[in-house]
Structures are given as C-alpha cells and as structure tokens.
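Asks: Here is my input, please return the structure:
(one chain, ligands or ions: 1)
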Amino acid sequence: MSSNARFISIEGVEGVGKTTNLKYIQQFFSDNGIPLYCTREPGGTPRAEEIRNLLLHKNGEQINRMTELLLMFAARTQHIAAVIKPALARGEWVLCDRFTDSSFAYQGGGRGIPMEIIEGLTSLVLEGFKPDFTILLDLPVNLGLARAQTRGEKDRFEQEDMAFFERVRSVFLARAKASPDRYCIIDTTPALAEVQRELHRVLSEYVLNS
Ligand code: T5A
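Replies: Sure thing, here's the model as predicted:
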C-alpha cells in the first residue's frame with residue numbers, strides 16, 4: 001500500500017478533451033506501477049449515477065438551478081463516502097473526472113447562483129475535503145463546442161449557449177489562477193500529441209515526486 005496516495009481532479013468546459021486525456025493519465029499510472037482509481041462526477045456510485053441521469057437527461061420538466069446544485073452535492077457526498085475516501089484509505093490514487101470546481105463554474109458562473117451559497121454548501125458537505133491537485137484543461141469555448149459536436153446527442157448542459165460556457169470557463173480560470181499551488185492549467189488548443197507531452201511533464205513532476 002502506498003501511503004502517499006493523492007486525490008486528483010480533472011476539469012474543463014465541454015470538449016476540452018477530458019475523456020481523451022483521462023485515458024492517457026490512466027496509462028501513465030499503469031506504466032509507473034502506481035494504483036489508480038478512476039471515477040467521475042456527477043456519478044461514481046450506483047445511486048450517484050442515478051442522480052447523474054436525472055441531471056443530464058431531458059424529460060421536458062425544467063430543473064430549478066437550486067435543485068440542480070443540491071443534486072450535484074447529494075451525488076458528491078455519496079461518492080466521497082462510498083468511493084473516494086475508501087480508495088484513498090486503501091492507498092490508491094483517485095482521479096476524478098470533475099469535482100466541486102464544476103459546481104462553482106456551472107452552477108455559480110453558468111447559472112448565476114451566488115458563490116457564497118456554493119462556498120457554504122461546500123463547507124457543510126465536504127468539511128474541508130478537496131482535491132490535492134486539479135488539472136484544468138482549457139480551450140476557447142468555440143473550439144471546445146466544435147470538438148464536442150463530433151459526439152452524439154447533446155445532454156441538458158450541452159444545450160446551453162456560448163455566453164453560458166464563457167462564464168463557466170471564466171470561473172474555472174479565475175479559481176485556478178487564485179490557487180496556483182493546487183491547479184495546473186493545460187492549454188488543449190494544440191494537437192493531442194503536444195497536449196500529452198505537457199501532461200506527461202506535469203504528471204512526472206507531481207505524481208512521481210509525491
Ligand atoms: N456538471 C458537473 C455541473 O454542472 N456541476 C457539477 O458539479 C458537475 C460535477 C457532466 C456535465 O455535468 C456538469 C458539467 C457537464 O456539463 P461530463 O460527463 O463531464 O458532463 O461531459 P463533458 O463535459 O461533456 O465531457 P466529456 O468527457 O464528454 O468531453 P470532453 O472530455 O470535454 O472531450 P473529449 O475527450 O470527448 O474530446 C472531444 C473531442 O475532441 C477531440 C476528441 O478526440 C473528441 O473527438 N480532441 C481533440 N481534437 C484535437 N486536438 C486535441 N488536442 C484534442 N483533444 C481532444
């Protein structure tokens with residue numbers, strides 16, 4: 001059991017390449033013989049995945065923005081207790097596709113819920129628990145949406161307009177710039193090989209030195 005296990009989150013607006021680069025990160029851990037548990041939000045446990053379905057799929061009924069925020073945190077508290085903390089306790093690193101930064105960016109920036117409300121909920125539910133390190137993949141919104149369009153049907157969030165995603169991106173960038181020790185911003189505009197060279201450099205520095 002490695003006692004230096006850390007919790008890493010990966011964040012970014014639609015189409016920045018999280019899914020693509022998650023696979024690269026998994027390969028990095030595997031190549032270095034380091035145990036890694038990969039998970040995602042909203043979701044990560046059977047119950048939390050049910051909440052994900054409520055949040056992402058459209059059924060004609062509008063979801064109030066506060067309901068949306070509370071469902072994100074309901075799924076998160078289940079996920080932390082049932083999956084993330086037990087994996088860390090077993091000595092596995094945890095890589096999570098989105099975490100609380102997405103709530104600040106989407107429900108705060110995108111939907112306009114005051115940040116103090118999200119801060120309050122974060123303190124109440126997470127009690128100081130947060131990722132040790134966050135990789136923010138960044139790309140101009142128009143490029144991200146164009147890349148995301150190559151996928152199938154749009155989910156409930158992907159239907160939002162450019163201005164929504166510009167606000168989401170601004171909050172991600174502001175949060176990353178305010179805490180440079182915890183965040184690393186990687187520009188995913190270049191070709192994938194170049195992005196992954198940078199990712200390799202960042203992971204070598206953070207993971208292999210922990
Ligand atoms: N949400 C989530 C909230 O509102 N609040 C919260 O608290 C939380 C936790 C979840 C939704 O929930 C919201 C935010 C989201 O809207 P999701 O499952 O994370 O959604 O889905 P997406 O954001 O849509 O992310 P995906 O993982 O599906 O897409 P990615 O990772 O952004 O993009 P990916 O890897 O699929 O890449 C898109 C395309 O670009 C290509 C890929 O091959 C792919 O075709 N690509 C590149 N092309 C050229 N150059 C590169 N460098 C490329 N990198 C990738």
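
Asks: is any part of the one helix or strand residue 120 maps to close to the ligand?
Replies: Mapping residue 120 onto the secondary structure by DSSP states H and E places it in helix 115-126. No - Helix 115-126 does not reach the ligand (Cβ under 6 Å from any ligand atom); its nearest approach is 9.2 Å. Any C-beta I mention is one placed from the backbone N, CA and C, and that applies to glycine too.

Asks: Following element in sequence after that helix, please.
Replies: Later in the chain than helix 115-126, the nearest helix or strand by DSSP H and E is strand 133-138.

Asks: got the buried residues for that following strand?
Replies: For strand 133-138, a neighbour-count test (16 or more other Cβ atoms under 10 Å) marks 133, 134, 135, 136, 137, 138 as buried.

Asks: Let me see the ranges of the strands in this protein.
Replies: Under the criterion DSSP state E, strands of the chain are mapped to 7-11, 36-40, 93-97, 133-138, 183-187.

Asks: Just the mean pLDDT for the third one, thanks.
Replies: In this case it means strand 93-97. In this model, strand 93-97 has a mean pLDDT of 98.

Asks: which helices and strands sit right next to the element among helices and strands of the chain having the smallest mean pLDDT?
Replies: One helix or strand of the chain scores below all others by mean pLDDT, DSSP states H and E: helix 141-148, with a mean of 94. Taking 3 or more Cβ pairs under 8 Å, 6 or more residues apart in numbering; DSSP states H and E as contact, the helices and strands that helix 141-148 lies on are helix 162-178.

Asks: how about the helix it packs on as CSV, C-alpha atoms only?
Replies: Extracted as CSV, the C-alpha positions of helix 162-178 are listed here (Å, rounded to 0.1, in the frame of the first residue of the first chain):
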residue,chain,number,x,y,z
MET,A,162,-21.9,30.3,-25.8
ALA,A,163,-22.3,33.0,-23.2
PHE,A,164,-23.1,30.3,-20.6
PHE,A,165,-19.9,28.4,-21.4
GLU,A,166,-17.9,31.6,-21.5
ARG,A,167,-19.0,32.3,-17.9
VAL,A,168,-18.2,28.7,-16.9
ARG,A,169,-14.7,29.0,-18.4
SER,A,170,-14.0,32.3,-16.7
VAL,A,171,-14.8,30.8,-13.3
PHE,A,172,-12.6,27.8,-13.9
LEU,A,173,-9.7,30.1,-14.9
ALA,A,174,-10.2,32.5,-12.0
ARG,A,175,-10.3,29.7,-9.5
ALA,A,176,-7.1,28.2,-11.0
LYS,A,177,-5.3,31.5,-11.1
ALA,A,178,-6.3,32.2,-7.4
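
Asks: quick one: it to strand 133-138, angle?
Replies: Here the directions of helix 162-178 and strand 133-138 differ by 140 degrees (axes from the mean of the first three to the mean of the last three Cα atoms, to 10 degrees).

Asks: And helix 162-178, what's buried?
Replies: 164, 165, 167, 168, 169, 171, 172, 175, 176.

Asks: Can you tell me which of those residues lies closest to the ligand?
Replies: residue 168 (8.1 Å; Cβ to the nearest ligand atom).
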